[in-house]
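A.B. asks: return atomic coordinates for the entry below.
(2 chains)
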Amino acid sequence: MIGLLILFAVFTALKPTIFPTVRNFINIFNQISLLGICAAGLTVCLVMNEFDLSIGAIATLAAVLTAGWLPHMPLLAGVVAVLVVSTIIGLINGLIITSLRVSSFMTTLGMMTVLTGFSYWYTSGSGAILYSGIPEGFLHIGKGTFFYIPYLVFFMIGILLVLHIVLNHTMTGRRMYAVGGNPEAARFGGIPIARLKILGFMISGMLAGLTGILLVARLGLAEPTIGDRFLFDSFTVAFIGAASIRVGRFHILGTLIGTLILGTILNGFTLLDVPYHLQLVVQGAILIAAVTSAGLWQGLLQSVRLRDVRRGLPGGRRESEDA
Amino acid sequence: MFLLFLCFSLLRPDVFPTLGNLISILKQIALLGIMSAGLTISLVLGDFDLSVAAVATWSGVMIAALLPQMSMWLAIPIVLAMGVGIGLINGFFSAAVGISPFIVTLATQTMLRGLTLWYTGGYSLYSGIPRGFIMVARGTFLSIPYLVYIMLFIYIVVYVLANHMAFGKRLYAVGGNPTAARYSGIRVVRVHLVAFMISSVLAALTGILLAARLSSGQPRAGEGLLLSAFAACFLGATTFRIGRFNVLGTLIGVLFIGTLNNGLVILGVPFYLQYVIQGAVLIIAIAASGLARSSIRASV
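C.D. replies: Residues are numbered from 1 along each chain as shown, chains lettered A, B, ... in the order given. Next up, the predicted model:
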């Protein structure tokens, strides 16, 4: 699947002279940074086989609240307050799912509706768009750079790194994979499933909230549909990610690759002046193509393994890490 | 649960319990009802069809585009056939290729949305739509709107299909235990394909009727239906045969949502609070019936 990334990079590089510049690569990273953060949170839920459909609405609400509160509060207090709200929303999701046993699909769908209502409610007094009084220092977070690299990129890389370590190199992360892989076994193994799921939804809520906050820092405004796109894009990216490297498994590295693939394609398209609606069509097609090709590739590997087994070769080799 | 809510709304205004309002509720839910009936079929198999709303929107736009050029009786089958085609694509990639239906339909949904925006350029199509077509949505027979008859007809057909025919038995068999179903000789892939075709073709019908009601093809007309359709099916799955998607349950779910929305509108609740209440009621209703189920089990 890294091949796919290279393919597209080459493909796009063939066309314009702008694409392969360092500046454009930084630009791509800058464009995908928010999606990367949001999708990373979703990945944690997906690892445990739970859907979080409320992320887009949480991002929207967080953006609206940030734009509404920052003019009246110190910067840090405002940001922390919004993060706390988003985390609490995640907590509520998790509590409903684990203690009332409602499916995560329905819970987060309901939560998405509720939050969309709140966002419209909060902005209804001010003509739907909030933009006045957002402090300059805050906007600098979205626009500033350090060694030519935007702060947002550092944010994304930092968060992905932390989540990667948590998921792959800590007890909590391994247990999360255990819950996703075989919940029965996990329960008999004494893993606190409910607690891990709640934690997962809190992480996903918090990062969706952070996405909303940074969205305001970048755009300097908020309106009640601003974060909706992150829902579909995050799912696309996480599933492309699950189709790469270790097929069928969600992981942070895959999500990063998925984000890069989507970012590269959209960037290339923008440079080529492809209109937005065609980008939607291609985005859908790529999602199917990526997942299909991963499935075929896995089938191929499996048949090779089977052949090895039949020949008495050591067939236990795991599917390749470098697919 | 449903009765409870009905009484709850009955308590409030004088407008609510009139016959006129009940008919108006039925008319309002007709489109949602048709779409949800189709969705129920694919949900029985555990296939999430997220493309239904996009199919409806696309079909609405297509019918508005085709009508000025040809007769209604030619245009409607063409659009329905497109619906079947989309269902076939969904079914092919999810059942035959083996990609999760969630992803496939997410992708087809995006593509259709893109195509719809591309075709319309973001504008509504409303010129040249014949009066006869608009009357499908506006006309009444015995003071009951045609839409209500169409919905009831669809429900009867889908109910019989799911509960009294071999296909329905196969549907529940595959939904319950796909491996066992395959070993007992059911062509699992074909069942998935047909289910996706049904859910898509009913979504297309919804789109056509939506265009008739709006007397135009609007590039975002169907989007709001997705959430409500899923909500109706899941509510339905919690009503009588708990945990099982079924057509009758879906109808009750649709009525529940219709009554709720109608009550909220009559009470003059602002639209953003409607969102909040709908979402909350959805979660509460499902949680409540889940709790009721576990308490029944505990008492047994």
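A.B. asks: looking at the chain, which helix or strand is least sure?
C.D. replies: This is for chain A. helix A:2-14 (a mean of 59; mean pLDDT, DSSP states H and E).
A.B. asks: any buried residues in the following helix or strand past that one, and which?
C.D. replies: Counting by DSSP states H and E, the element after helix A:2-14 in chain order, helix or strand, is helix A:22-47. For helix A:22-47, a neighbour-count test (16 or more other Cβ atoms under 10 Å in any protein chain shown) marks A:24, A:27-47 as buried. All C-beta spots, glycine's among them, are computed from the backbone N, C-alpha and C.
A.B. asks: also stretch A:97-104?
C.D. replies: Those would be A:97-98, A:100, A:102, A:104, for stretch A:97-104 by 16+ other Cβ under 10 Å.
A.B. asks: so of those, which ones are in strands?
C.D. replies: Using DSSP state E, no member of those falls in strands.
A.B. asks: and chain B, which of these reach it?
C.D. replies: A:100, A:102 (Cβ under 8 Å from any Cβ of the partner chain).
A.B. asks: quick one: low-confidence parts of the stretch 51-200 of chain A?
C.D. replies: For the stretch 51-200 of chain A, the stretches with pLDDT under 70 are A:125-127.
A.B. asks: ranges for the strands of it?
C.D. replies: In the stretch 51-200 of chain A, the strands defined using DSSP state E, counting those that start in this stretch lie at A:145-146, A:149-150.
A.B. asks: mean neighbour count and distance to residue B:130 added to these, as JSON lines?
C.D. replies: Converted to JSON lines, the strands of the stretch 51-200 of chain A look like this (neighbours: other Cβ atoms under 10 Å in any protein chain shown; distance: least, Cβ to Cβ, whole Å):
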{"stretch": "strand A:145-146", "mean neighbour count": "11", "distance to residue B:130": "59"}
{"stretch": "strand A:149-150", "mean neighbour count": "17", "distance to residue B:130": "55"}
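A.B. asks: flag the shaky bits of the stretch 1-150 of chain B, pLDDT-wise.
C.D. replies: B:1-18.
A.B. asks: can you rerun that using 80?
C.D. replies: Across the stretch 1-150 of chain B, the ranges flagged by pLDDT under 80 are B:1-22, B:24-25, B:46, B:68, B:72, B:96-100, B:121-144.
A.B. asks: and it, which of its residues are near chain A?
C.D. replies: Going by Cβ under 8 Å from any Cβ, the residues of the stretch 1-150 of chain B near chain A are B:48, B:93, B:97-100, B:103-104, B:106-111, B:113-118.
A.B. asks: out of those residues, which are buried?
C.D. replies: Counted by 16+ other Cβ under 10 Å, the residues of the stretch 1-150 of chain B next to chain A give B:48, B:93, B:99-100, B:103-104, B:106-111, B:113-118 as buried.
A.B. asks: okay, and which of these map to helices?
C.D. replies: B:103-104, B:106-111, B:113-118 (DSSP state H).
A.B. asks: who are the neighbours in contact with residue B:57?
C.D. replies: With contact set as Cβ atoms under 8 Å, 6 or more residues apart in numbering or on different chains, residue B:57 has these partners: B:112-113, B:116, B:207, B:218-223.
A.B. asks: can you show me the helices along the stretch 101-250 of chain B?
C.D. replies: Applying DSSP state H, counting those that start in this stretch to the stretch 101-250 of chain B gives helices spanning B:101-120, B:131-138, B:146-163, B:166-176, B:178-183, B:188-214, B:225-238, B:247-266.
A.B. asks: in the second one, what counts as buried?
C.D. replies: Buried residues in helix B:131-138, counted by 16+ other Cβ under 10 Å: B:133-134, B:136-137.
A.B. asks: what sits up against it?
C.D. replies: With Cβ under 8 Å, 6+ apart as the criterion, helix B:131-138 contacts B:63, B:67, B:72, B:145-147, B:209, B:212-213, B:215.
A.B. asks: closest to chain B among the buried residues of stretch A:97-104?
C.D. replies: The closest of these to chain B turns out to be residue A:100 (Cβ to the nearest Cβ; 4.0 Å).
A.B. asks: what about the nearest residue to the closest one once chain neighbours are set aside, helix or strand, and which?
C.D. replies: Closest residue in space to residue A:100, ignoring its immediate chain neighbours: residue B:287 at 4.0 Å, by Cβ to Cβ, 6 or more residues apart in numbering or on different chains. Per DSSP H and E, residue B:287 falls inside helix B:271-299.
A.B. asks: now that helix: average pLDDT?
C.D. replies: For helix B:271-299, mean pLDDT is 72.
A.B. asks: do stretch B:249-263 as well
C.D. replies: Here the average pLDDT along stretch B:249-263 is 81.
A.B. asks: how about the CA coordinates for that stretch, as CSV?
C.D. replies: In CSV, the C-alpha atoms belonging to stretch B:249-263 read as follows (Å, rounded to 0.1, in the frame of the first residue of the first chain):
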residue,chain,number,x,y,z
GLY,B,249,-41.1,-3.0,13.7
THR,B,250,-39.6,-0.5,11.2
LEU,B,251,-43.1,0.8,10.4
ILE,B,252,-43.7,1.4,14.1
GLY,B,253,-40.3,3.1,14.4
VAL,B,254,-41.2,5.3,11.4
LEU,B,255,-44.5,6.2,13.1
PHE,B,256,-42.7,6.9,16.3
ILE,B,257,-40.3,9.3,14.6
GLY,B,258,-43.1,10.9,12.6
THR,B,259,-45.2,11.5,15.7
LEU,B,260,-42.3,12.9,17.5
ASN,B,261,-41.4,15.3,14.8
ASN,B,262,-45.0,16.3,14.2
GLY,B,263,-45.5,16.9,18.0
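A.B. asks: and it, is it in reach of chain A?
C.D. replies: No. Stretch B:249-263 lies out of reach of chain A by Cβ under 8 Å from any Cβ, never closer than 11.5 Å.
A.B. asks: so which bits of stretch A:175-183 are buried?
C.D. replies: Those would be A:175-180, for stretch A:175-183 by 16+ other Cβ under 10 Å.
A.B. asks: ok, residue A:54 - how many residues close by?
C.D. replies: 31 (other Cβ atoms under 10 Å in any protein chain shown).
A.B. asks: ah, wrong one, I meant residue B:184
C.D. replies: 10.
A.B. asks: which non-adjacent residue is nearest it?
C.D. replies: Counting by Cβ to Cβ, 6+ apart, residue B:184 lies nearest to residue B:173, which is 7.3 Å off, once chain neighbours are set aside.
A.B. asks: what segments of the stretch 51-200 of chain A are helices?
C.D. replies: A:55-69, A:75-99, A:104-123, A:136-143, A:151-169, A:171-181, A:183-188, A:193-219.
A.B. asks: deepest-packed of those helices, please.
C.D. replies: Neighbour counts (mean count of other Cβ atoms under 10 Å in any protein chain shown) averaged over each of the helices of the stretch 51-200 of chain A peak at helix A:55-69, with a mean of 28.
A.B. asks: residues from the stretch 201-300 of chain B in reach of chain A?
C.D. replies: Residues of the stretch 201-300 of chain B lying close to chain A (Cβ under 8 Å from any Cβ) are B:227, B:230-231, B:234, B:270-280, B:282-283, B:286-287, B:290-291, B:294.
A.B. asks: which residues does residue A:160 contact?
C.D. replies: With contact taken as Cβ under 8 Å, 6+ apart, residue A:160 is in contact with A:36-37, A:40, A:252, A:255-256.
A.B. asks: how far away is it from residue A:230?
C.D. replies: 16 Å (Cβ to Cβ, to the nearest Å).
A.B. asks: just the buried ones from the contacts of helix B:131-138?
C.D. replies: Among the contacts of helix B:131-138, the ones that count as buried (16+ other Cβ under 10 Å) are B:63, B:67, B:72, B:145-147, B:209, B:212-213.
A.B. asks: closest one of those residues to chain A?
C.D. replies: Nearest member of those to chain A, counting by Cβ to the nearest Cβ, is residue B:63, at 19.7 Å.
A.B. asks: correct me, but the closest one touches residue B:209?
C.D. replies: No. In this structure residue B:63 lies outside contact range of residue B:209 using Cβ atoms under 8 Å: 9.4 Å.
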